[in-house]
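Chemist: Let me see the structure of the following:
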Amino acid sequence: MIIMCSGPGFSLINVGDEEHILAKEYTCLDCGNRFKGLGVIPSCPSCKSRNVKRVKKH
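Modeler: Prediction:
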């Protein structure tokens, strides 16, 4: 089960089981890190940059 924090009040939101969430793969254009992220524009877990590009699967 995954629980996420939301907003300045830190409300907990149960988003379900990990296998039911479709994380997308991204590459950070600043540091080159490749990672899986959720949301419209995720931030890089290594350098915190939002300058990321979604990796298209072939």
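Chemist: Ramachandran angles for residue 35?
Modeler: phi -150, psi 170 (degrees, to the nearest 10).
Chemist: For it, list the residues it contacts.
Modeler: Residues in contact with residue 35, defined by Cβ atoms under 8 Å, 6 or more residues apart in numbering, are 25-26, 28, 42, 44-46. C-beta coordinates here come from the backbone N, C-alpha and C atoms, glycine included.
Chemist: which one of these sits closest to residue 57?
Modeler: residue 25 (7.6 Å; Cβ to Cβ).
Chemist: Isn't that closest one up against residue 38?
Modeler: No - counting by Cβ atoms under 8 Å, residue 25 does not reach residue 38; the two are 11.3 Å apart.
Chemist: okay, residue 17: pLDDT?
Modeler: Predicted confidence (pLDDT) for residue 17: 55.
Chemist: meant to ask about residue 23, not that
Modeler: 86.
Chemist: re earlier: can you tell me which of the contacts of residue 35 are classed as buried?
Modeler: Buried members of the contacts of residue 35, scored by 16 or more other Cβ atoms under 10 Å, are 26, 28, 42, 44.
Chemist: can you list the contacts of residue 35 in TSV and add secondary structure?
Modeler: Formatted as TSV, those follow (DSSP: H, G, I helix; E, B strand; the rest coil):
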residue	secondary structure
25	strand
26	strand
28	strand
42	coil
44	coil
45	coil
46	coil
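Chemist: ok, of the residues you listed, which one's closest to residue 53?
Modeler: residue 26 (6.6 Å).
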